[in-house]
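Asks: pasting the sequence and the predicted model now:
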Amino acid sequence: MEMLRHALSTADLAPHGFCLLWRPDLLLLHIGSDSIIALSYYAIPVALTYFVWKRQDIVFGWIFWMFAAFILACGTTHWVEIWTLWHPDYGMQGMVKLVTAAFSASTALALVVLMPRALALPSPSQYRQVRTALTSEVQQRHEVTRALQETEQRYQLLIESIADYAIFSLDSNGVIRDWNKGAERIKRYRAQEVIGRHFSIFYTASDRDRGEPLKALERALSEGRFETEALRVRKDGSQFWANAVIDPIREETGKLIGFAHITRDVSERRELEEKLRQAQKLEAIGKLTGGVAHDFNNHLTVIYAGLDRAKTMVVNNLALSQALESAMKGAESAASVTTRLLAFARRQPLAPKPTDIGALLAQTSGLLDRVLGEQIRIETVRAAGLWLAYCDAGQLENAVLNLAVNARDAMPNGGKLTLEVGNADLDDDYAAINPDVTPGSYVMLAVSDTGHGMSPEVMARAFEPFFTTKREGLGTGLGLSQVFGFTKQSGGHIKIYSEVGQGTTVKLYLPKAASDNRRTLENPIEDAPRGAGETVLIVEDDADVRTAAVSMLSGLGYVAIESHSPDDALRILRERSVDLVFTDVVMPGSITTRHLADHARELYPGVKILFTSGYTENAVIHNGQLDGNVELISKPYRREQLARRLRKLLTS
């Protein structure tokens, strides 16, 4: 301590100004220089302190504090220099310099330690490179983000633009999260009405009771996809057939985040499939009934022949004559049934010609008045500029009569029957929902009544043969079947519109005739005379029918030659001439009956050909229509019918 007091003592020392000889210019020079240096040194720590306070993120900010302390000490030494110009406190000056030396050494040592870390700092060029790279990366990220946004926008627009599919997503519990325009169109909910609600609202009440919505999600999870066709419910409560697909949505880790749900309205397709099934069923029934009717017609031909023969042999026996007449009426009733069956099966022979349906209705009005009675009022509406229809006028008249009888039975207390005929064009759109329709021009005949109408279940079976809702004994169930078969065989279309309690309308669409030549309905052919000994070759594979035909022709004054096959008939023709060949259409053999007819004409150019058949699915009649040079009489035929046809041919 004594040494310290001695060092700080100023008793034996002279001030620093003494060394400068107290010259004012030197004093001013030292005072000014030291003052500026001291103030500058003091300003630097203040700046460093402010910098470190603002940039507290700098890892080695402590070095700046050391610099601040070191420079502050340096500044203090210059103030002490000014002080010692007048006060020889050289001990204090030494202590200040000692402190400054300590700060200087510490700062220098810290710099040595800090130098590797400082050198590791990026250079300005490196910073520029990093900044350039960062700028490029930021730009790339911005472009990727923008592309992603554009992709999401396009995807959203794509989903929104799909109107035929209801596309929406569900969370893992089945709650709806989004909704597209197709969903709004199909299910008729707006987005704000369904988002946040459970998708089970689209299920029927019975499906919800059975837990079908939950089962659908569980199957989608277990199987990877769930697909079904079932009834779904719209907002207004109406139901439609839907094809529904549910797929689970998972993150890359496999975690379930929800489900994608796609629904398509397949009601129209199901309706078309049902119509196709119905058409196929009717076609199958038609083939069966056609075959049965064909075979039955052969038997009826034999019965007719036997009864006709028996009637010619009965003399003065009233009871037996009456019995034979009753048997003949029964056979005729049976023939009527087979005719209707063939009509339904589209196997009846047609002779279509351009027909004025309006004129046909006018000619049948008297018959309809008698059939329907006084309680039913008939109104006929004919459109102006009516086209000719290409159809068999006689069969069309039968169809109108069948429809009128059905209408009468549907109006037991009387009512109104409306017959309307007009032109109609069935376009591609109509054909799309009615697969049996060929787009084109048709003549439409509508038969409407004010009766009790039909339920949808009855309408679905209305064209089936023997199906009837009438009491037993009041109908055969073949009326509409016959109309259906005639219309289809004519290349037309038939449609039923009916509601219970509102009446029924049946519309027939018959093809428009290509020719505009008007025609009149044919008058009944008068009874023909007996034969004049002409030779007729009978070609028939059914022995009973062949025997009956020989008996008929022999009794009518013809020379009848019989043959059991086309091959045998051709052999006979090569041996002798004939005036007429009367042949069945469908028979076994190496040649067809059409070829037989061609050979007969080659051998005998003037020979006449008359075909007969129980049905007409063969080479002579195409699509149910007779060739222009073909004459045909349908089985079963009566003796008088056959006689008239033979005389007409042989005298033409």
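Replies: Received, thanks. Since the model is a prediction, treat every value here as computed from it, not as a measurement.

Asks: so after the worst-scoring helix or strand of the chain on mean pLDDT, what's the next helix or strand?
Replies: Using mean pLDDT, DSSP states H and E, strand 625-626 stands out as the lowest-scoring helix or strand of the chain, at a mean of 45. Toward the C-terminal end, the helix or strand that comes next after strand 625-626 (DSSP states H and E) is strand 632-634.

Asks: determine the set of other helices and strands touching that following strand.
Replies: strand 608-613, helix 639-651 (3 or more CB pairs under 8 Å, 6 or more residues apart in numbering; DSSP states H and E). Any C-beta I mention is one placed from the backbone N, CA and C, and that applies to glycine too.

Asks: buried residues in the helix or strand residue 358 falls within?
Replies: Here residue 358, judged by DSSP H and E, is contained in helix 357-372. Across helix 357-372, burial judged by 16 or more other CB atoms under 10 Å covers 357-361, 364, 368, 372.

Asks: next one: stretch 33-41
Replies: In stretch 33-41, counting by 16+ other CB under 10 Å, buried: 34, 37-38, 41.

Asks: what's it in contact with?
Replies: 71-72, 74-76, 78-79, 81-82 (CB atoms under 8 Å, 6 or more residues apart in numbering).

Asks: of these, grab the buried ones for ChimeraX.
Replies: ChimeraX command restricting these to the buried ones, with burial defined by 16+ other CB under 10 Å:
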select :71,72,74,75,76,78,79,81,82
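
Asks: now, the contacts of stretch 33-41 that are in helices?
Replies: 71-72, 74-76, 78-79, 81-82 (DSSP state H).

Asks: and these, which two are the farthest apart?
Replies: Across those, the longest distance by CB to CB is 17.7 Å; it joins 71 and 82.

Asks: could you dump the helix holding residue 358 to CSV, C-alpha only?
Replies: Output in CSV follows, covering the C-alpha atoms of helix 357-372 (Å, rounded to 0.1, in the frame of the first residue of the first chain):
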residue,chain,number,x,y,z
ILE,A,357,-106.3,-45.4,-92.8
GLY,A,358,-108.8,-42.5,-92.6
ALA,A,359,-110.9,-44.1,-95.4
LEU,A,360,-110.6,-47.5,-93.7
LEU,A,361,-111.9,-46.1,-90.4
ALA,A,362,-114.8,-44.5,-92.3
GLN,A,363,-115.7,-47.9,-93.8
THR,A,364,-115.6,-49.7,-90.5
SER,A,365,-117.6,-47.1,-88.6
GLY,A,366,-120.9,-49.1,-89.1
LEU,A,367,-119.3,-52.3,-87.9
LEU,A,368,-117.9,-50.5,-84.8
ASP,A,369,-121.4,-49.0,-84.0
ARG,A,370,-122.9,-52.5,-84.0
VAL,A,371,-120.1,-54.0,-81.9
LEU,A,372,-119.9,-51.2,-79.3
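
Asks: what's downstream of it, the next helix or strand?
Replies: Next element after helix 357-372 (DSSP H and E): strand 376-382.

Asks: next one: the following helix or strand past that next one to chain centre, how far?
Replies: Next along the chain after strand 376-382, taking DSSP H and E as the criterion, comes strand 389-391. Here strand 389-391 shows a centroid-to-chain-centroid distance of 34 Å under the convention CA atoms, centre = their mean, to the nearest Å.

Asks: give me the buried positions along the helix or strand that strand 389-391 is followed by.
Replies: Next in sequence after strand 389-391, counting helices and strands by DSSP H and E, comes helix 393-410. Of all the residues in helix 393-410, those buried under the rule 16+ other CB under 10 Å are 393, 395-404, 406-410.

Asks: and which of the residues you listed is nearest to residue 192?
Replies: residue 410 (50.2 Å).

Asks: who touches the closest one in this structure?
Replies: Applying CB under 8 Å, 6+ apart, the residues near residue 410 are 449, 451-453, 503-504.

Asks: again, but for residue 417
Replies: Counted by CB under 8 Å, 6+ apart, residue 417 has contacts 368, 372, 376-379, 404, 407-408, 411, 447-449.

Asks: for residue 580, same thing?
Replies: 534-537, 607-610, 646, 649-650.

Asks: what bridges to it?
Replies: residue 536, residue 608 (DSSP bridges).

Asks: what distance do you get for it to residue 28?
Replies: From residue 580 across to residue 28, the span is 163 Å (CB to CB, to the nearest Å).

Asks: how about residue 308?
Replies: 168 Å.
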